Structures are given as C-alpha cells and as structure tokens.
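Asks: no sequence on hand, only this structure:
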Ligand SMILES: Cc1cc2nc3c(=O)[nH]c(=O)nc-3n(C[C@H](O)[C@H](O)[C@H](O)COP(=O)(O)OP(=O)(O)OC[C@H]3O[C@@H](n4cnc5c(N)ncnc54)[C@H](O)[C@@H]3O)c2cc1C
C-alpha cells in the first residue's frame, strides 16, 4: 500500500485585481503598500528557506491545484467575489476550497448569527456592564516551527515547479500595477529607496521587521514602557511611540494579533496595566446627497486646503503611507461633514495609500466618520481638535513649511493674521493657486445648522 503524506505547498499569488484602478480612478494599491507587500513576501521566503523549504511566487492565479486550498474566510463584497471566481476556476472534483474563519481573536459573547450585536462601539464593548475583552479567552500563540516541523516540501522539490518561481519576484507590470502608480512605485521599490525622513518611522514589510519593532519588546529583558503610557499618548501625531504602529504588519498578516495580545498580557502582569491596551488585541444611516467638486477633493488629497491640521495629515499620508488615528478621524470628518464631499472618494484614497489598509477597518471607520452608522454623528471641530492635540503647532509645522515661522497663536488659524502679521511671519494667505500667496484661505464650509439629511444628533468634538 502506498501512503501519501499531506504536503502543504507554500504559494504566494500577486492578484492583479489588487493593482487595478477603481471606477472613481483611484489605484487599489499605491506604491507604499506595494513595496511593503514585496518586502513581506521576500521575508516570508527567507523564513521558509530557513527551515529547509521555499516559497513559490507567481504574478497571477496560475499553477497546478490539486488538493485543498486553505484560505481566510471573507465577509466583504470584493473579497467574496474573488473567492467565488477562484471556486469556479477550480477544475471540478480535483480541488477543495476551504475557507477558515480567522477574523476574530476569540469567541465574542454574542450569538453566532450576531443578531444581538449592538450597533455602536460602546455598547458592543461593555456588554452588561463588563468589558467585552474580559470575557474573551485568547489562545496562546503557537511555537515557531523549526526545520522539519511542518509538512512542507523541501526547497529542491520546489525549484522545479514551473511556471511558478522561487527565484525571482514578478516585475511590477506583470502584477498589473497601473501606469500612474508604477511611476511612483518604480522609485519606491528600489531596495535602497529611503523612506521620507519626516515620517513617524520606516515601515519595512515582513515578520522580522515587525518583531524588531521595539514597542513589542514588551519583553521583560529590555522592556519598552511606551505601552504603559498608551492611553495618554495614543492621540499623538508625531514620533514612533505615541502608538504601536503595528497596523501595517497586522493588516498584511506579518504579525499575529494573538502574539500581540499575549505580549500585552505578559507586560501588564510584569510591569503595569494600561486602560487602553484592550485595543491591541454597511452603512445604515440616512441618505445624504454628497457634493461633487473634483478640485476641492484634489486639494484635500494634496494637503492644500488651507486648514493646517487637515493639510499636515494629508501631506503625511501622501509622503509616507501612514497617518495617526487622530489625524484619520479629523480628515475624514472634514471631508464628509464639513466639505460634504462623497466619503467613498476619501475611503478609496485611503485604500490606495495606507500601508495598513484593511477593508473592514478602513471602510468601517469611514462609514462612521461620515455619520452613517445610524447613531450619533460626530462632527469634529478642526480648530478645537488642533488646539487640543497639537497645542504648540509642532505637528503642523513639521509638515507645512509655509507655517514654520507662524506663532502658536495663529498656526491653526492662519487666516486670522492681518497683512502686517503675514509679512512679519513670512506667510502670505491668499486664494488657492495664486502665485503671490504662500498658503491658501480655507474653503467656505456649511454651518452646522444647514446640515440636513441626518436624522440623528450631531455632536461637535
Ligand atoms: C477613517 C479611518 C480609516 C482607517 N483605516 C484603517 C485601515 O485601513 N487599517 C487599519 O488597520 N486601521 C485603520 N484605521 C484605524 C486606526 O487609525 C489605525 O489602526 C491606527 O492609526 C494604526 O496605528 P497603530 O498601529 O499605531 O495603532 P494603535 O493605536 O497602536 O492600535 C493598535 C492596533 O489596534 C487596531 N486599531 C486601533 N485603532 C483602531 C480603530 N479605530 N479601528 C480599527 N482598528 C484599530 C489596529 O490594528 C492597531 O494596529 C482607520 C481609522 C479611521 C478613522
């Protein structure tokens, strides 16, 4: 009798659908995430080589499939469409398609069909007065496998697996990166390309880089106490340690959320607990007719609106692929609730540029920012937010050189400077596009009172 041992074939397919343009003309994947993904695939290959196997890589869904395809179970529309296309492309009878649920860290204390799931975050988190995470058991991380621990084919057996390759990664045009993104990407993708020095930190892709992030060195030998102050610092916008910056690695599957949760518990046990470490671990609102203004939208994307906090954050995103949570909330609120431009334009722009793009986190947060969750609409007062979270203007000056000599009194409201002050502080305020001005006047926004279309309360914060 012949015994056939099950073998797991490690394959990475670059899916061209991820690199096309959307109907609104946005790249699905911009250069930052394309590079992060490349780094991550290279790192995965290195790790598999380290345990005697290898990674097969192909530009699209080619290759011989004759066993079981294991994949993450999806819930969102484009991802489900990809699953359906893959299922129907599989030769009948020769291959099984097996989605596995991996979207939650532990069993939630809600019904399996989620019929008792609250709409808002606060009631979700505090079920019957107890924080939801205190009822959730997170399983311990699995030990790192060594050579021979996994049913992987040896490297030399994989070397002959044409048309898949284990030597080279596919060139970008083969993946289908759009022309516009390619121009940028070919620059960013140079191995030696340095990240923008103004960014919060470099983000190399791959598990090795994630584990080297010292925030995770909750490790007791050399503890990093940034975690202890997370609750106080998490609304920051400058520097590496106001938040974990794990999101890009989590979004790409380079870092296990179970491992992060485990390290946090270990840290809390050994050092100190923090109120907010629990973090680590479709629109239903009323109809709103969004305005359409391509020029204004472009100014928002370019950080050229004349609203310093929004502009600084949008320039950071454009230059680095990252933006703080505080920044994301403000720029999203400003686009949807102040400019009343279509929030989906903003969500698509984020999807293209964010290193940590995740379909649920991005689109879910945008739905909420646009006031479409069915609950209270939270409209950010940008000037108040600027003064609360960037009191001395260090963040806006970091990204807006036009305002570098403008004192704190005016830095968040430069339009309030008179002509003499503009002269004195070297910043002329004027019409957007006017060569004689250094920084634009902000667009006129609708007062709160004219804000129709929402059935629910509007709260300013
Ligand atoms: C409009 C908008 C779009 C967003 N798009 C994304 C996205 O595409 N991908 C993404 O991972 N996050 C997204 N977020 C959530 C949040 O801004 C980022 O997760 C966070 O800024 C990443 O930085 P960090 O890893 O240092 O987070 P930390 O503050 O250190 O938090 C630790 C982890 O918790 C999770 N997390 C934190 N805040 C949120 C949140 N509000 N919603 C969901 N998860 C959260 C992330 O996985 C994060 O890495 C978005 C928020 C807004 C307002």
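Replies: Great, that's in hand. From a predicted model like this one, the values you see are computed outputs, not experimental measurements.
Asks: can you name the residue of the stretch 1-150 of the chain nearest the ligand?
Replies: At 8.8 Å from the ligand, residue 121 is the closest residue in the stretch 1-150 of the chain, using CB to the nearest ligand atom. All C-beta spots, glycine's among them, are computed from the backbone N, C-alpha and C.
Asks: what is the neighbour count of that residue?
Replies: 11 (other CB atoms under 10 Å).
Asks: for residue 365, same thing?
Replies: Residue 365: 17 neighbours (other CB under 10 Å).
Asks: quick check: it touching residue 328?
Replies: Yes - with contact defined as CB atoms under 8 Å, residue 365 reaches residue 328; the gap is 6.9 Å.
Asks: need the longest helix for this protein.
Replies: helix 31-50 (DSSP state H).
Asks: mind listing what's buried along that helix?
Replies: Neighbour-count burial for helix 31-50 flags 31-45, 47-48 (criterion: 16 or more other CB atoms under 10 Å).
Asks: list the helices and strands the helix or strand following it packs on?
Replies: From helix 31-50 onward toward the C-terminus, using DSSP states H and E, the following helix or strand is strand 56-58. Applying 3 or more CB pairs under 8 Å, 6 or more residues apart in numbering; DSSP states H and E, one finds that strand 56-58 makes contact with strand 11-13.
Asks: how about 10 Å then?
Replies: strand 11-13, helix 31-50 (3 or more CB pairs under 10 Å, 6 or more residues apart in numbering; DSSP states H and E).
Asks: how far is the next helix or strand along the chain from that strand from where the chain is centred?
Replies: Sequence order places strand 68-72 as the next helix or strand after strand 56-58, per DSSP H and E. Relative to the centre of its chain, strand 68-72 is centred 24 Å away, using CA atoms, centre = their mean, to the nearest Å.
Asks: so what strands line up beside strand 68-72?
Replies: Taking DSSP bridges as the criterion, strand 68-72 forms sheet pairs with strand 96-100 (parallel).
Asks: beyond the partner strand, next helix or strand please.
Replies: Using DSSP H and E, the first helix or strand after strand 96-100 is helix 121-125.
Asks: okay, buried residues for stretch 240-252 please.
Replies: 241, 242, 243, 244, 245, 246, 247, 248, 249, 250, 251, 252.
Asks: then stretch 226-242?
Replies: 226, 227, 228, 230, 234, 235, 236, 237, 241, 242.
Asks: for the third one, give me phi and psi.
Replies: Going back to what we said before, that points to residue 228. The phi and psi values for residue 228, taken as degrees, to the nearest 10, are phi -70, psi -30.
Asks: that one contacts residue 215, doesn't it?
Replies: No - taking contacts as CB atoms under 10 Å, residue 228 lies outside contact range of residue 215: 11.4 Å.
Asks: any stretches of the stretch 251-400 of the chain with poor pLDDT?
Replies: 270-288 (pLDDT under 70).
Asks: what residues does it put near the ligand?
Replies: Within the stretch 251-400 of the chain, the positions adjacent to the ligand are 251, 279-280, 324-325, 328-329, 332, 350, 354, 356-358, 361-362, 365-366, 369 by CB under 6 Å from any ligand atom.
Asks: thinking again about what came up before, want to throw the helices and strands packed on strand 56-58 into CSV with distance to residue 337 and mean pLDDT?
Replies: Listed next are the helices and strands packed on strand 56-58 as CSV, based on distance: least, CB to CB, whole Å; pLDDT from 0 to 100:
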stretch, distance to residue 337, mean pLDDT
strand 11-13, 40, 85
helix 31-50, 27, 90
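Asks: let me see the contact set for the residue nearest to residue 57 when sequence neighbours are not counted.
Replies: Leaving aside its chain neighbours, residue 57 sits nearest to residue 12 (5.1 Å; criterion: CB to CB, 6 or more residues apart in numbering). Counting by CB atoms under 10 Å, 6 or more residues apart in numbering, residue 12 makes contact with 37, 40, 41, 44, 45, 55, 56, 57, 58, 164, 169.
Asks: tell me, which of the buried residues of helix 31-50 make contact with the ligand?
Replies: Counting by CB under 6 Å from any ligand atom, no member of the buried residues of helix 31-50 is near the ligand.
Asks: quick one: distance of stretch 326-334 to the chain centre.
Replies: With CA atoms, centre = their mean, you get 14 Å for stretch 326-334.
Asks: surely residue 158 and residue 10 touch.
Replies: Yes - between residue 158 and residue 10 there is a contact at 8.2 Å, judged by CB under 10 Å.
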